[in-house]
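Trainee: Predicted model, plus sequence, below.
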Amino acid sequence: MTDAPDWVDQARLLVTGLGRTLGQALREEAAGAHDADCRWCPVCQVAAVVRGERPEVTDALADVLTAAAAALRSVAEPAPAPDDRPAEQPRPPVQHIEIA
């Protein structure tokens, strides 16, 4: 057994940290820390998505999250039973060559 934390706990910590960071960024934007026409910094991009001003970014984010969910779902599927696995290919013969 390993001492490493479970990936679910790690994901929960990541989401919690991102939520705190996003909340702080939104408070800074409300306080006027960024210009209203800022279009390049990630903080303003996320704030625009949250406000619904950037539907193309929202669509791209939805595609990425869908792909990530499908990948996690495929990893979480149980392995096939031993009967269902294809037979292993025989190994090719190996020639022993002595090097001085």
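Mentor: Now that the structure is in, tell me what you want to look at.

Trainee: hey, let's count contacts and neighbours off CA atoms from now on
Mentor: Will do.

Trainee: Pull out the buried residues from the helix or strand hosting V64.
Mentor: According to DSSP states H and E, V64 maps onto helix 55-76. Within helix 55-76, the residues that count as buried by 16 or more other Cα atoms under 10 Å are T58.

Trainee: Which elements pack onto it?
Mentor: helix 42-51 (3 or more Cα pairs under 8 Å, 6 or more residues apart in numbering; DSSP states H and E).

Trainee: So for this structure, the centremost residue is which one?
Mentor: Closest to where the C-alpha atoms of the chain average out (Cα atoms, centre = their mean) is A68, at 5.9 Å.

Trainee: pLDDT value on it, please?
Mentor: Listed pLDDT for A68 reads 91.

Trainee: How much space separates it from S74?
Mentor: To S74, A68 is 10 Å away according to Cα to Cα, to the nearest Å.

Trainee: Also V15?
Mentor: Taking Cα to Cα as the measure, V15 and S74 are separated by 21 Å.

Trainee: got any ranges where this protein has weak pLDDT?
Mentor: Across the chain, the ranges flagged by pLDDT under 70 are 1-5, 25-26, 28-36, 79-87.

Trainee: let's see 90
Mentor: 1-62, 71-100 (pLDDT under 90).

Trainee: Tell me the residue in it that is farthest from the middle.
Mentor: Computed with Cα atoms, centre = their mean, the maximum C-alpha offset from the centroid of the chain is found at A100, amounting to 50.4 Å.

Trainee: what's the burial count for C44?
Mentor: 19 (other Cα atoms under 10 Å).

Trainee: Sorry, wrong one. I was asking about A48.
Mentor: Using other Cα under 10 Å: A48 sits among 18 other residues.

Trainee: That one: what's it in contact with?
Mentor: For A48, the contact set (Cα atoms under 8 Å, 6 or more residues apart in numbering) comprises R54.

Trainee: For the longest helix seen in the chain, which helices and strands make contact with it?
Mentor: When the chain is parsed with DSSP state H, its longest helix is helix 7-30. When contacts are defined as 3+ Cα pairs under 8 Å, 6+ apart, helix 7-30 packs onto helix 42-51.

Trainee: got the buried residues for the helix it packs on?
Mentor: By 16+ other Cα under 10 Å, the buried positions in helix 42-51 come out as 43-49.

Trainee: I am finished for the moment; much appreciated.
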